[in-house]
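Engineer: 3D, please:
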Amino acid sequence: MSTIEVVGRESRRVIQGTAGWTPARWRLPAPEGRVDRVAVMRALIQELADLVAEAEGAPRRTVPPPAFETGLGDQLAVMVSDLMAVDPCPRRCEAAISAIRRTHAGLFRT
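Structural biologist: Numbers count the residues shown, from 1 in each chain. Have a look, this model is predicted:
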């Protein structure tokens, strides 16, 4: 399996795992307890956006939050799609995989 395929597989785990979460569930503290789950997911989305900007040779941009917490999964899906569209180098794919796995662990305590 190529690294870009692993990015897709790992991101689907996060998206599917959070698909039914209500706003109240998103606002619960992450298992580590320092921040809520929204902050954990937003950090991942921003990290992926930074990888996309780097691959495009563009400046980093702050990703605005979705109108509702329930849109975070969709926002992640779009960011992964953007990353795949820029045909990232293996280093960027590995960075994305690491960030996605770290987020999965931060959301689901795995």
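Engineer: distance between the strand or helix carrying Gly8 and the chain's centre?
Structural biologist: According to DSSP states H and E, Gly8 maps onto helix 3-18. Put simply, helix 3-18 sits 9 Å off its chain's centre (C-alpha atoms, centre = their mean, to the nearest Å).
Engineer: now for that helix, which elements pack on it?
Structural biologist: helix 37-56, helix 72-85, helix 90-108 (3 or more C-beta pairs under 8 Å, 6 or more residues apart in numbering; DSSP states H and E). For glycine as for every other residue, the C-beta is placed from the backbone atoms N, C-alpha and C.
Engineer: list the buried residues of that helix.
Structural biologist: Of the residues in helix 3-18, 4, 6-7, 10-11, 13-15, 18 count as buried by neighbour count, 16 or more other C-beta atoms under 10 Å.
Engineer: export the helices and strands packed on helix 3-18 as a markdown table, with columns for mean neighbour count and mean pLDDT.
Structural biologist: Listed next are the helices and strands packed on helix 3-18 as a markdown table, based on neighbours: other C-beta atoms under 10 Å; pLDDT from 0 to 100:
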| stretch | mean neighbour count | mean pLDDT |
| --- | --- | --- |
| helix 37-56 | 19 | 97 |
| helix 72-85 | 18 | 97 |
| helix 90-108 | 18 | 96 |
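Engineer: now flag whichever of the buried residues of helix 3-18 is closest to Ala67.
Structural biologist: Closest approach to Ala67 among the buried residues of helix 3-18 (C-beta to C-beta): Thr18, at 16.5 Å.
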